[in-house]
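**Student:** Got a sequence here, can you model it:
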Amino acid sequence: LLVPEVATGAAPDLDELRAACLTAVNQLATADEILVIGSAPPGLHRGSGDGDSRPSPADVLADSVGIGPGVVYGGSAGGGFGAYGAASVRFGEGDAVLPLSLAIGGWLLEQSKAAALPRTYRAIDPAAAPAVCAELGRTIAAGTRRVGLLVMGDGAPRRSEHSPVHLHPRAEIFDQTVAAALRAADADVLAALDADLATELQAAGRAPWQVLAGALGELRGDLLYDAAPYGVGYFVASFS
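**Tutor:** Model (predicted):
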């Protein structure tokens, strides 16, 4: 629903959220390059039983060996929202191969001051272990280039009786914990998020947030948005 052409009549309800997203993404314009992190859809990492866990499109780069989970896409990989009724909204080259989390990240970048920077996309297995995610974040942060991380993570879609998934009594406190950790740039709290609970709540941001936890270092956080429109937890934060 961040994409107005998808939200249609409901689009104005999320104007504040979109503005917060653009404020955060614009701050990445001082980086040398952008890495977009997001959750992979189920099955992306399972392969066909021949040992190859990567999807087949040519836009997909080889998985980076030794630095954690993920399927990596080059900066020209196509993204779009035809499956959600907005076939006219697309970017990149070739077929729309980017998973939804990365497509939203790319769409946000296209509107921002960081649009011209080199970019790479990494889809993280939502079942990746917390320690593995954090290690990937530390590896990214230890590089010599100034990398701007755009971390795309869903909160719990179970915050009200009108949520996409029925109300869960622990959804709000889980999201409150995440929001507080983002505000404080508390890597320890993010790293300690319970993977099983996140799966139960369908909060797909858990693995990307734990990559963020590994990369945070001494950065300070600024929480720009924290609400649950339509019963789904949304957060926007920036770190510097």
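**Student:** For residue 178, list the residues it contacts.
**Tutor:** Contact analysis of residue 178 by Cβ atoms under 8 Å, 6 or more residues apart in numbering lists 155, 190, 193, 203, 205, 209, 233, 235. For every residue, glycine as well, the C-beta is placed using N, CA and C.
**Student:** can you tell me which of these are in strands?
**Tutor:** residue 235 (DSSP state E).
**Student:** Share the number of residues neighbouring the closest residue to residue 115 other than its chain neighbours, please.
**Tutor:** Among residues not flanking residue 115 along the chain, residue 109 sits closest, at 5.7 Å (Cβ to Cβ, 6 or more residues apart in numbering). By other Cβ atoms under 10 Å, 24 other residues sit near residue 109.
**Student:** phi, psi of residue 109?
**Tutor:** phi -60, psi -40 (degrees, to the nearest 10).
**Student:** so how far is residue 76 from it?
**Tutor:** Going from residue 109 to residue 76 by Cβ to Cβ, to the nearest Å gives 13 Å.
**Student:** Could you do residue 163 as well?
**Tutor:** 36 Å.
**Student:** Please say which of those two ends up with more neighbours.
**Tutor:** Neighbour comparison, residue 163 and residue 76: the larger count goes to residue 163, with 19 against 11 (by other Cβ under 10 Å).
**Student:** those strands in the chain, which residues are they?
**Tutor:** Along the chain, counting by DSSP E, strands occupy 33-39, 60-61, 71-73, 77-81, 86-91, 93-96, 119-124, 147-151, 221-227, 234-239.
**Student:** follow-up on the earlier one: which two of the contacts of residue 178 have the greatest separation?
**Tutor:** Across these, no pair lies farther apart than 190 and 233, at 14.5 Å, counting by Cβ to Cβ.
**Student:** Mean confidence (pLDDT) on stretch 149-165, please.
**Tutor:** Here the mean pLDDT over stretch 149-165 is 93, rounded to a whole number.
**Student:** same question but for stretch 187-198, I mixed them up
**Tutor:** 97.
**Student:** So, low pLDDT: which residues of this protein?
**Tutor:** The model of the chain has pLDDT under 70 over residues 42-69.
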